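Colleague: Turn this into a structure:
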Amino acid sequence: MIGLVSKIRERRSSRRHRLPSLMVRIENHRYRTADWSAGGFRLRGTIEPFARSDRVRGQIKTPSGTLGWFIAEAAWRSEDAVGFRFIEIDSNVFLDLHM
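Modeller: Have a look, this model is predicted:
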C-alpha cells in the first residue's frame, strides 16, 4: 500500500488543495470542489452522471475571484466522486491556480 501511495504522489505534478475550494459551473450546475490543483479538480457528493473520459466545458472561479473557462476530462469516477483533469484553461485562471 505504501508503494502505491508513493507512486500516486509521484504522478502528481501540482500540489492538491482542499481549502479554499473553487466554484465550478458545468452545464448550468454549480459545484464546490472537494479538492483541486493546477492540473484539475475533484467533485464529490451529488453530481451529474459523468463517465470516465467525458469532456466538459465550464466556468471556474478561483479563491481570489478570477473567473475563466475551461475544458476538462473525467479522469476517474467512483460512487460519490469524479476527478477531472484540465485539457484547456484560461491563462488568467491557470496563473492564479499556480500562485
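Colleague: use CA for all of it now, contacts and neighbours both
Modeller: Fine.
Colleague: Now do the SS call for residue 52.
Modeller: Per DSSP: H, G, I helix; E, B strand; the rest coil, the local secondary structure of residue 52 is coil.
Colleague: and the nearest residue to residue 38 once chain neighbours are set aside, what are its phi and psi?
Modeller: Excluding its sequence neighbours, the residue lying closest to residue 38 (CA to CA, 6 or more residues apart in numbering) is residue 97, at 5.3 Å. Summarising the backbone geometry of residue 97 under the convention degrees, to the nearest 10, its torsions are phi -70, psi -20.
Colleague: Count residues in the vicinity of residue 97, would you?
Modeller: The local packing of residue 97 (other CA atoms under 10 Å) involves 19 other residues.
Colleague: heads up, I number from 126, so please use that
Modeller: Shifting the count to begin at 126 puts that one at residue 222.
Colleague: Next one: it from residue 178, what distance?
Modeller: According to CA to CA, to the nearest Å, residue 222 and residue 178 sit 23 Å apart.
Colleague: Look up which residues are beta-bridged to the nearest residue to residue 192 once chain neighbours are set aside.
Modeller: Nearest residue to residue 192, sequence neighbours excluded (CA to CA, 6+ apart): residue 186, at 4.6 Å. Residue 186 has the following beta-bridge partners by DSSP bridges: residue 148, residue 192.
Colleague: one step back: confirm for me that the residue nearest to residue 163 is in contact with residue 187.
Modeller: Yes: contact status for residue 222 versus residue 187: in contact at 7.2 Å, counting by CA atoms under 8 Å.
Colleague: which residues sit in contact with the residue nearest to residue 163?
Modeller: Contacts of residue 222 were listed using CA atoms under 8 Å, 6 or more residues apart in numbering, and they are 162, 163, 187.
Colleague: which residues does the first one contact?
Modeller: Read it as residue 162. Taking CA under 8 Å, 6+ apart, we find residue 162 in contact with 139, 140, 141, 142, 222.
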